[in-house]
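> coordinates only, sequence not included:
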């Protein structure tokens, strides 16, 4: 990946890591499914009236809107509401990188190379270490809900790449227009009209702030940037950078919510960073750069020919 795209992937990971703290705070003010509906409503309205049609087949908009918005975020919010801590949720959800690789292999024919497999293995060792320490004492049902949310996110990554939307902003706005009504309907059915009305009547500036962050910053900016990366590179190249989310998620939960980070959790975070670094390295880059620095003319042309192609878009 190009260095500026690596930087963008890391920034998105930081935004999504802090997002778990804001979700945890928002769930104190709203029932989880209603919170999800409000999250996507602030992205879609009034933007759908300003950006124009999505320029991809409607079946992709509906598919990603349902899988990403309704299933993934519905399960995540329900899991955190049921007792999953913010830091642990940010960690477990990153299992989506492995599910993305599986779905990409099955549906797109993409095969991760040996270097990426080694990086993913190291990163997942870090996730497993932290999950082993923190997950054993938590509610098993809530843990399972977040794991299923990771499965849904992996599938939505591959569906987004298959859709190949030409305009990431327009794409995310229209995808965000799908979840509000289904989530609101589920909220009325599961959580009840009384709970929803009570939350809306008692809304505070803090509650509005959480909706604004998880909607506009995390969803609109985060997924627009993520969609751009998925259009430019293989899904198996982009997805591992989301493994940095628990690093930011666990540290922000420690700083802002007082969640504990033990020595083994710190080791786990280091393993995740190492795994992502190995996954993101481009084979042959050092020799190509050295050849460019040593000379020009035929030697420079040979170095350029040996270097990996620039990303599309």
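Done, it's in. Just so it is clear, the model here is predicted, and its values are computed rather than measured.

> And stretch 221-236, what's buried?
For stretch 221-236, the neighbour count (16 or more other Cβ atoms under 10 Å) marks 222-236 as buried. Heads up, the C-betas are built off the backbone N, CA and C, glycines and all.

> same deal with stretch 198-214?
199, 207, 210-211, 213-214.

> if I pick the spatially most central residue of the chain, what's in contact with it?
Centroid check for the chain by Cα atoms, centre = their mean gives residue 242 as the closest residue, at 5.8 Å. Residues near residue 242 by Cβ atoms under 8 Å, 6 or more residues apart in numbering: 12-13, 16, 94, 96-97.

> of those, buried ones?
With neighbours counted using 16+ other Cβ under 10 Å, the contacts of residue 242 contain these buried positions: 12-13, 16, 94, 96-97.

> what's the closest of these to residue 190?
Of all those, residue 96 has the smallest distance to residue 190: 24.3 Å, by Cβ to Cβ.

> which residues are contacting the helix or strand where that closest one lies?
In this structure, residue 96 sits in helix 96-103 according to DSSP states H and E. With contacts defined as Cβ under 8 Å, 6+ apart, helix 96-103 is touched by 110, 112, 120, 123-124, 150-151, 153-155, 157-158, 235-236, 239-240, 242-243.

> Check stretch 3-12 too.
Under the contact criterion Cβ under 8 Å, 6+ apart, stretch 3-12 has outside partners 1, 221-222, 225-226, 228-229, 232-233, 238, 241-242, 244, 280, 311.

> Pull out the buried positions in that stretch.
Residues of stretch 3-12 classed as buried by neighbour count (16+ other Cβ under 10 Å): 5, 8-10, 12.

> and residue 148, how many neighbours?
17 (other Cβ atoms under 10 Å).

> Do I have it right that it meets residue 76?
No: using Cβ atoms under 8 Å, residue 148 is not in contact with residue 76, being 9.1 Å away.

> ok so, going back, out of the buried residues of stretch 3-12, list just those in helices.
Per DSSP state H, helices hold the following members of the buried residues of stretch 3-12: 5, 8-10, 12.

> Farthest-apart pair in the contacts of stretch 3-12, please.
221 and 280 (21.4 Å).

> Tell me which residues are up against the strand or helix carrying residue 88.
In this structure, residue 88 is located in helix 86-92 according to DSSP H and E. Helix 86-92 is contacted by residues 16-17, 20-21, 23-24, 76, 79-80, 84, 127, 130-131, 134-135, 138, 143, 146-147, 150, 245-246, 248-250, 252-254, 257, 259, 261, 268 when judged by Cβ under 8 Å, 6+ apart.

> got it, and stretch 192-210?
Counting by Cβ under 8 Å, 6+ apart, 22-23, 25-26, 29-31, 34, 187-188 sit against stretch 192-210.

> Quick check: mean pLDDT of that stretch?
Summarised as a single mean, pLDDT over stretch 192-210 is 93.

> roughly how far out does that stretch sit from the chain middle?
Its chain's C-alpha centre and that of stretch 192-210 lie 26 Å apart, by Cα atoms, centre = their mean, to the nearest Å.

> ditto for stretch 264-279
Mean C-alpha position of stretch 264-279 versus that of the full chain (Cα atoms, centre = their mean) differs by 17 Å.

> Also stretch 262-279?
Centroid displacement of stretch 262-279 relative to its chain, using Cα atoms, centre = their mean, is 18 Å.

> swap in stretch 97-115?
17 Å.

> Span of that stretch from start to end?
15 Å (Cα to Cα, to the nearest Å).

> State the mean pLDDT of that stretch.
Across stretch 97-115, pLDDT averages out at 80.

> Just flag the most distant two among the buried residues of stretch 221-236.
Between any two of the buried residues of stretch 221-236, the greatest separation by Cβ to Cβ is 20.8 Å, found for 224 and 236.

> Just checking, which helix or strand succeeds the helix or strand hosting residue 198 along the chain?
According to DSSP H and E, residue 198 maps onto helix 193-201. Next in sequence after helix 193-201, counting helices and strands by DSSP H and E, comes helix 205-212.

> elements contacting the helix or strand that that following helix is followed by?
The first helix or strand that comes after helix 205-212 along the chain, using DSSP H and E, is helix 222-232. Contacts defined by 3 or more Cβ pairs under 8 Å, 6 or more residues apart in numbering; DSSP states H and E place helix 222-232 against helix 3-26, helix 140-163, helix 168-176, helix 235-238.
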